[in-house]
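*Asks:* here is a sequence with its predicted model. Questions after.
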Amino acid sequence: SELPPEALAIEPDKSVGELIGDVSKDLGELMGMHVHLAKTELKEELTQAVSTAKLFGVGAFAGYMTLIMVSLTLALVLAVWLPTWAGFAIVAALWGLASAILLVMGRGHLQQIEAPRETVETVKGDVEWAQQQRS
């Protein structure tokens with residue numbers, strides 16, 4: 001976009017202080033416009049993120065219900081050859097085994113996570129500096 005001609009006009013009657021004041025005012029307006037743009041973009045992104053989270057939530061619930069139905073079906077299919085309680089016990093045992101395996105794997109991954117060294121060192125340095133300033 002092009003600037004209007006009056007924006008390019010030189011005003012010889014203005015002092016240096018007035019020109020600096022105008023520049024400061026224009027800079028303030030520009031920063032205000034950038035802040036407004038950032039707020040608008042963040043609001044749009046947040047709206048989209050909430051919508052996406054809702055879809056994931058509903059999808060996860062549908063997957064959970066599918067898992068329950070498949071588990072019940074498997075238990076009832078096993079009940080054709082075994083007592084009903086045994087079919088349900090086998091399905092429960094399979095879920096217990098899967099749970100134990102996933103928890104052990106999760107624990108292993110958790111133990112591999114390290115604190116962000118650079119941030120920790122920076123914070124330690126900041127604390128030491130603040131303590132020196134107080135003394």
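*Replies:* Arrived safely, thanks for sending. Everything numeric in this text was worked out from a predicted model, so none of it was measured.

*Asks:* ok, now how distant is Ser71 from Ile20?
*Replies:* For Ser71, the distance to Ile20 equals 74 Å [C-beta to C-beta, to the nearest Å]. Where C-beta positions appear, they are placed from N, C-alpha and C, glycine not excepted.

*Asks:* could you check which of these two is surrounded by more residues?
*Replies:* Between Ser71 and Ile20, counted using other C-beta atoms under 10 Å, Ser71 has the larger neighbour count: 15 against 11.

*Asks:* which residues does that one contact?
*Replies:* With contacts defined as C-beta atoms under 8 Å, 6 or more residues apart in numbering, Ser71 is in contact with 91, 95.

*Asks:* after the helix or strand where it lies, which helix or strand is next? Please name it.
*Replies:* Following DSSP states H and E, one finds Ser71 within helix 16-78. Remark: after helix 16-78, the chain's next helix or strand is helix 84-112, criterion DSSP H and E.

*Asks:* report the angle between that following helix and helix 16-78.
*Replies:* 150 degrees (axes from the mean of the first three to the mean of the last three C-alpha atoms, to 10 degrees).

*Asks:* list the helices and strands helix 84-112 packs on?
*Replies:* Here helix 84-112 touches helix 16-78, going by 3 or more C-beta pairs under 8 Å, 6 or more residues apart in numbering; DSSP states H and E.

*Asks:* lowest average confidence, helix or strand, in this protein?
*Replies:* Within the chain, no helix or strand scores below helix 5-8, which has a mean of 59 by mean pLDDT, DSSP states H and E.

*Asks:* Ala79 versus the residue nearest in space to the middle of the chain, what's the distance?
*Replies:* For the chain, Ala49 is the residue whose C-alpha lies nearest the centre (C-alpha atoms, centre = their mean; 8.9 Å). According to C-beta to C-beta, Ala49 stands 45 Å off from Ala79.

*Asks:* show me where pLDDT drops low in the chain?
*Replies:* For the chain, the stretches flagged by pLDDT under 70 are 1-12, 134-135.
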